[in-house]
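Engineer: sequence and predicted structure are below.
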Amino acid sequence: MTSTIQILLLLLAVLVVAALIARRLNTAPSIVLVLAGVLLAVIPGLPRVELAPELVLLGILPPLIYSAGVAMSWREFRFNLRPIALLAFGCVVFTTCAVAAAAHYLLGLPWAVGFLLGAIVSPPDVVAPLAIARRLGLPRRILVVLEGEGLANDATALILYRFAVAAVASGMFSLVQATGTFAAIVVGEIVWGIGVGWLSLRLRRWARDPRVEIVMSLLTPYLAFWVPEHLGGSGVLATVAAGLYVSWNGPLLIPSATRLQGIFFWDLIVYMIEGLVFLLTGLQARALLEKAQSFSLRELLVAIAVTTAIVIAARFAWVFPAVYLPRRLSPALARRDPAPPWQQAFVLAFTGVRGVVSLAAALAIPLALANGQPFPHRDLILFTTFGVILITLVGLGLLLPLVIRWLGLARYRDEEHRQEREAELAARHDAMDAGLRRLEEIVRERGLPQEVAAGLRARAHTRRQQFPRTLSDGFELSALGAQLRTELISAEREHLYQLLRDGKINDESRRRIERELDLEEASIACKKENDDRQL
């Protein structure tokens, strides 16, 4: 037990150091973490750390998927459902078939084993490329499509994975039966996920306690995931559906205190989980190197090179027809949703980074068949999967910033930022107008004292002055006002601390006042972050 705690603390320390190094190098922390894990794995004397596939598929994956689903806009997800489905379902199936064919004809593997390898390496990871893409300013729609694909592609891959494992074990496969089972799983998981989301929101309304509600929110993804997974599905689509349902219906049902505390809680949880996952991925290098002794170096390098080349080429071969062919076949679609520039399709195809779900699926391959025979080519699949993850994550991840700059995609995002900010400012003023109209109604209906009404009007007037109506209307004054408000809050904090030291207030009073200052400062920081993206 003590050694486990020590290892966990060591991993957390490496997570912090890797984050600092990534910031200095201006690269994605996930790349640094994987390389750090590989480096730690080959250092003699350090304890061996093995990643349990059940931990990833049953413990880590549900909260990651759920948090991404809650953060996703249902309106944007629905608008981009066609490209998301073409990538999350079509591209995964196409890549699986392409890898299976290459594994059979070029590597000499049986068809069933080739399909198993294809199902494992077909789903791209979304964490690392999105972290880079957001920092470099990709257009909003590309980010939505990539995030939506990342939510759903694991479901397709894990279902295909189950079919492939069964085919290897039994030597039989029925396309008609598999198609029917796949459709039933998809429909059943979506219905279950919506039901879990509905139940979660209703129970949280009854709780009326932020701490209880946050614990319920943590349990929600596991309830959505575990039941379908236990019944033979993937659990991914159910978790996605639950997250999207809560995202769309939660704003009017979740209290503000729960939302404020929940944001910080989930940000920390997701940050630590993602970091530890990439670090643990790199740490698997020692166990894989030990198992690679039974293969020749040439055999391993050829398998990794062929599989990596196929997964990259298959994504390019799928993305460009998927982007432009539907618009050629449907003039109505072309008018409603014009084709994007080729640069956007290129970067969409380029972000084919593989991640921990592929590694967990490979580790979860049974050691033996039902008849006691060793599972065919298990170690080769495992080592090939790790090689594909390492090459795509480090190689494509490091090249992605150069590709985005070369394609000049930042200019599209700059205009989108401006339009979003203009709409946000208009929405702020419309909401404040609605509040003022409601105030005047209350004054008339309840005979509200004028002193109280005047104070509320003054508050509304103060808030209105903090936000210009347009970006060109007092933007500099708004930024200056935010800076001055931050300085005034700092002065209040110093005076508050002095009052505490002098014994004029107690700690309880200090905490209450400090919380109000914290909320105001967080609001200013959020506004400043939005403004900076427009510059």
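Structural biologist: That came through fine.
Engineer: spatially nearest residue to P129, not counting backbone neighbours?
Structural biologist: Counting by CB to CB, 6 or more residues apart in numbering, T351 is the residue found nearest to P129 once chain neighbours are left out, at 4.1 Å. Just so you know, the C-beta spots here come from the backbone N, C-alpha and C atoms, and that holds for glycine as well.
Engineer: before we move on, what about G397?
Structural biologist: Closest to G397 by CB to CB, 6+ apart is I31, at 4.8 Å.
Engineer: helix, strand, or coil at the one you found?
Structural biologist: Following DSSP: H, G, I helix; E, B strand; the rest coil, I31 is assigned to helix.
Engineer: residues contacting V126?
Structural biologist: Contacts for V126 were tallied using CB atoms under 8 Å, 6 or more residues apart in numbering; they are A68, L146, E147, E149, G150, L151, G355.
Engineer: same thing but at 10 Å, please
Structural biologist: Residues counted as contacts of V126 (CB atoms under 10 Å, 6 or more residues apart in numbering) are 64, 68, 133, 143, 146-151, 153-154, 351, 353, 355, 357.
Engineer: pLDDT below threshold where in this protein?
Structural biologist: Where the chain drops to pLDDT under 70, the residues are 1-2, 173, 292-293, 412-417, 465-482, 526-535.
Engineer: next secondary structure after the longest helix seen in it?
Structural biologist: In the chain, taking DSSP state H as the definition, the longest helix is helix 410-446. Tracing the chain past helix 410-446, the next element assigned as helix or strand by DSSP states H and E is helix 450-466.
Engineer: hang on, L10 packs against I43?
Structural biologist: No: counting by CB atoms under 10 Å, L10 does not reach I43; the two are 11.8 Å apart.
Engineer: the more surrounded of those two?
Structural biologist: Each of L10 and I43 has its neighbours counted (other CB atoms under 10 Å); L10 has more, 15 against 8.
Engineer: and that one, how far from V49?
Structural biologist: Distance check for L10 against V49: by CB to CB, to the nearest Å, it reads 9 Å.
Engineer: which neighbours do those two have in common?
Structural biologist: In contact with both L10 and V49: L40, L279, using CB under 10 Å, 6+ apart.
Engineer: thinking again about what came up before, now rank the contacts of V126 by neighbours and give me the top one.
Structural biologist: Using other CB under 10 Å as the neighbour criterion, D154 leads the contacts of V126 with 33 neighbours.
Engineer: which SSE is it in?
Structural biologist: Using DSSP H and E, D154 sits in helix 140-170.
Engineer: okay, buried residues for that helix please.
Structural biologist: Neighbour counts using 16 or more other CB atoms under 10 Å place 140-165, 167-169 of helix 140-170 among the buried residues.
Engineer: what's the answer for stretch 338-349, then?
Structural biologist: P340, Q343, Q344, A345, F346, V347, L348, A349.
Engineer: now for the residue lying closest to R208 once chain neighbours are set aside: which residues touch it?
Structural biologist: Of all residues not flanking R208 in the chain, P255 sits nearest, at 7.5 Å (CB to CB, 6+ apart). Applying CB under 10 Å, 6+ apart to P255 gives the contacts R204, R205, A207, R208, D209, P210, E213, Q261, G262.
Engineer: try V353
Structural biologist: Neighbouring residues of V353 by CB under 10 Å, 6+ apart: 28, 30-31, 124-130, 132, 388-389, 391-397, 400.
Engineer: wait, what's in contact with the spatially closest residue to A102 that is not a sequence neighbour?
Structural biologist: Excluding the flanking residues, the one nearest A102 by CB to CB, 6+ apart is I310, at 4.7 Å. By CB under 10 Å, 6+ apart, the contact set of I310 is 95, 98-103, 106, 117-118, 121, 317, 388.
Engineer: where exactly do the strands run in the stretch 51-200 of the chain?
Structural biologist: Secondary structure of the stretch 51-200 of the chain (DSSP state E, counting those that start in this stretch): no strands located.
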